[in-house]
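A.B. asks: with the input below, show me the fold.
(one chain, ligands or ions: 1)
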Amino acid sequence: DHRPLSERAALNKEALKQSFLDNLFHTQGKFPALASKSDYYLALAYAVRERLLQRWISTAAEYMQKGARTVSYLSAEFLMGPHLGNNLINLGIYDEAKQAMTELGLNFDELLAQEEEPGLGNGGLGRLAACFIDSMATLEIPSLGYGIRYEFGIFHQSIVDGWQVEKTDKWLRYGNPWELQRPEWAVQVKLGGYTEHRSEEDGTLTVRWIPSRLVSGVPYDTPILGYRNNTANTLRLWSAQAPESFDFEVFNRGDYYGAVMQKMSSENLSKVLYPNDEHEGGKELRLEQQYFFVSCSLQDMIRIMQGQRLPLEHFHEKFAVQLNDTHPAIAVAELMRLLVDEHKMPWNRAWQVTCKTFAYTNHTLMPEALERWPLPLFKKVLPRHLEIIFEINARFLDEVRRRYPGDSARVARLSLIDESGPRYVRMAHLACVGSHAINGVAELHTELLKSDVLRDFYELWPNKFSNKTNGVTPRRWMVLANPRLTRLVSDSIGEDWIKHLDQLQKLEPLAESADFRSHWREIKRANKRALAEVIARRCNVAVDPDSMFDVQVKRIHEYKRQHLAALHIIALYLQLKAQPNLELAPRTFIFGGKAAPGYRMAKLMIKLITGIGDVVNRDPMVRDRLKVVFLPNFSVTNGQRIYPAADLSEQISTAGKEASGTGNMKFQMNGALTIGTMDGANIEIREVVGADNFFLFGLTTPQVYALQAQGYRPHDWYEQDPQLREVIDMIRDGYFSRGDASLFRPLVDSLLWHDPYFLFADFRSYVECQQRVGETWVDTERWTRMSILNSARSGKFSSDRSIRDYTKDIWHAPSVPVELLT
Ligand code: 26Q
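C.D. replies: Numbering: from 1, shown residues only. I've put the predicted structure just below:
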């Protein structure tokens, strides 16, 4: 094809049609009579890809020529969601593409639905990484997302007999049109083995790491478009492959099968995402995964520097490397190893470079979720890194002893090695010591880090700490997910809000217009009808789009308290049973979320919710005033249908437990009101929308701590609240388990005797708050006003704002606008 780029990749409808048909024939090898929906999807995807390659190449050329400072975002997870719709939006050709497909007699929405979303993440942390690379591209910040190309992403969830059943996610089955393999940039990663220390003839000390295994890392690049600019940054995910060069025969003399098996096992490294959003100890493969992608990424950055003839002393000037939690924290030791062992940089120089390179984001306050690796396991996988960590620790603890003479308790608390029992490497400590910046993800979270989890580090280095409240991208979570609202908003205040979300403020006066409110309601109603159709298909339950859609979607966790919502539903149900003619505005409770496959209590929480649905949805006495559905397989794709259809957003975690939450922001943007605790970013949401426009309940963090300290006895709360007693007894006696009084025993007993997340202490407050929600809902005009104001005041929670905060305070990476090559 000898046409110039501008012609071949033209952004008009006719050119799109032409390249769609070309791709159907030349790429898919099909003609229309034989083509499947998936063929059509792929043909369109390739047509779009041709249109973003020009931007991708232009961006790479621009960055290379400018020698641009680059942000490397290291994350074990990128929960991207489907690319096609998003790329069409960012290219500004969504409507053209839709028109083109329609004119070819195809159903555009059905084509979009063919894409298997890359679910390479568990939840909030992985989705945050996806929103952040979107915002960096939109803000024209040179950036690379580095991660793992898992062959199996987060499992698919189905619900069978009310229980979660997991199916593997073979997302690459039909190929992935959005990635480009780059075998020429493959790198080698060592694992296992032992080290040798030698004094050379010239008097220097050298360390050799003799590994027991080698794995080759092959990068797969996906372009990440900015919104209607010329920037296409890169998401670079590493896939593990058996190396060609490693001489296995030396180790497996004559053992052909043994050698082949070893080759196969090295490819296991990037096989599957751990579906656990909490650290689980002792998983060797997980540590190997982390090291694998970190080593590949740092080697890649070094290659880039060498390509630009930059000396490694300037590493921290070329790259700002952000650690998304401690999962990539081994990078601190790995960069030291690369600089000192492989590039012969003196230790002190290398340490300065390292500390200026890294910054660390913490995402959890729960002590049991902090990553630590048993020392023997660590030594087995990464013998050289353990030595390096010991050396870092020795120097660090010397500094601590100088600062706090005689305070050996503090030294033990700060040490990179936990020696209180069996020894562990503390990854958060490694990240803190090796970074020049440490941040939490919401104001409360950062304050609690400083006063609690990382208190000793805060006392040592207060200036390293700052807050960076999370945000979400309005491109995916409004423009793509909620086209109806997008149209109304853009017709009212123009399109600037899409890049400058603060401008949604201009909607505030419109909250007083009856006409605007009525449009606003029509849109919500249309979104609810669409979701009701999905619910009918997936759950086989008819729900009324005129009922209040009360939604809780997020990973299933005891601290997120989906079971508190369940207790409230049972309380309402009992009320209806007691007063059959009670005036109760109809409500549809919608739940969604995955439970870690090994988390038994979380799976039981799902069973409880579905059990309640089975009883309530069928009870004629309820007369459709309550419906309870569990929408299976909550994902980015499903989220895009759910957030725009929600009236009420449930953000009910125990105060002090949810680092930030980001679903709360997606709901707010789309006009849902929040019922929530003083936890995570809820506090900041309430601050911007005003107390009158937020349904607050529950204990505050200091109150939770106080109750904990004075000795919390949930059974006393149970005895003192007749309604709570009735609710709990009903579960215990098998009312929601077909008479089986043993099924929910573990859940009920845990609540009665431990209740580590204070459900009973917050129950009364929650029920009363829900009562206020119900009273507000029936005043339709008031509710609509509040809904508009929630959306209008959501500007702070754009990930563009988060990224501006990171660049201003931590990365200092200037924008580099891209000129399109033709
Ligand atoms: C670690 C080690 C071994 C195996 C798995 C893991 C692992 C994987 C994923 C640990 C944690 C996660 C994910 C954590 C997460 O999603 N945290 C959420 O991050 C969001 C973005 O900052 C916050 O909004 C949420 O509050 C927080 O829970």
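A.B. asks: V340 versus the residue of the chain most remote from its centre, what's the distance?
C.D. replies: Here the chain reaches farthest from its C-alpha mean at E201, the gap being 51.5 Å by Cα atoms, centre = their mean. The span separating E201 from V340 equals 20 Å under the rule Cβ to Cβ, to the nearest Å. The way it works is simple: take the backbone N, C-alpha and C, and place the C-beta from them, glycine included.
A.B. asks: can you list contacts of stretch 136-143?
C.D. replies: Outside stretch 136-143, the residues within contact range by Cβ atoms under 8 Å, 6 or more residues apart in numbering are 63, 68-73, 133, 224-227, 229, 231-233, 473, 475, 499, 800, 803-804, 807, 811, 813-818.
A.B. asks: can you give me the end-to-end distance of it?
C.D. replies: Start-to-end span of stretch 136-143 (Cα to Cα, to the nearest Å) is 7 Å.
A.B. asks: same thing with stretch 178-187?
C.D. replies: Distance between the boundary residues of stretch 178-187 (Cα to Cα) amounts to 22 Å.
A.B. asks: list the buried residues in that stretch.
C.D. replies: For stretch 178-187, burial by neighbour count (16 or more other Cβ atoms under 10 Å) applies to 178-179, 185-187.
A.B. asks: need the residues of the stretch 1-150 of the chain near the ligand, please.
C.D. replies: Residues of the stretch 1-150 of the chain found near the ligand, taking Cβ under 6 Å from any ligand atom as the criterion, are 122-125, 128.
A.B. asks: buried subset of those residues?
C.D. replies: Judged by neighbour count, with 16+ other Cβ under 10 Å as the criterion, the buried members of those are 122-125, 128.
A.B. asks: now, among the residues you listed, which is nearest to M730?
C.D. replies: Comparing these against M730 with Cβ to Cβ places G123 closest, at 30.8 Å.
A.B. asks: nearest residue to that closest one other than its sequence neighbours?
C.D. replies: Taking Cβ to Cβ, 6 or more residues apart in numbering, and ignoring the residues beside it in sequence, G123 has R555 as its nearest neighbour in space, at 4.5 Å.
A.B. asks: can you give me the pLDDT of the one you found?
C.D. replies: The model reports R555 with a pLDDT of 98.
A.B. asks: same deal with D247?
C.D. replies: You'll see D247 listed with a pLDDT of 58.
A.B. asks: cool, K263 as well?
C.D. replies: According to the model's per-residue confidence, K263 sits at a pLDDT of 82.
A.B. asks: cool, L91 as well?
C.D. replies: 97.
A.B. asks: looking at the residues of the stretch 1-150 of the chain next to the ligand, which is nearest L16?
C.D. replies: Nearest to L16, judged by Cβ to Cβ, of these is L128 at 32.5 Å.
A.B. asks: got a list of what that closest one touches?
C.D. replies: Residues counted as contacts of L128 (Cβ under 8 Å, 6+ apart) are 324, 441, 470, 662, 799.
A.B. asks: equivalent analysis for Q181, please.
C.D. replies: Residues touching Q181, when contacts are defined by Cβ under 8 Å, 6+ apart, comprise 218-220.
A.B. asks: swap the cut-off to 6 Å and go again
C.D. replies: With contact taken as Cβ atoms under 6 Å, 6 or more residues apart in numbering, Q181 is in contact with Y220.
A.B. asks: next, it: phi, psi?
C.D. replies: Its backbone dihedrals place Q181 at phi -70, psi 140, with angles given as degrees, to the nearest 10.
A.B. asks: ok, F549 next?
C.D. replies: phi -90, psi 110.
A.B. asks: my guess is it meets A646, correct?
C.D. replies: Yes: in this structure, F549 sits in contact with A646. The criterion is Cβ atoms under 6 Å, and the distance is 5.3 Å.
A.B. asks: and the residue nearest to K283 when sequence neighbours are not counted, how far from Q157?
C.D. replies: Using Cβ to Cβ, 6+ apart and skipping the chain neighbours, the partner closest in space to K283 is Y274 (7.0 Å). Distance, Y274 to Q157, using Cβ to Cβ: 16 Å.
A.B. asks: same question, G147
C.D. replies: 22 Å.
A.B. asks: fine by me, thanks again.
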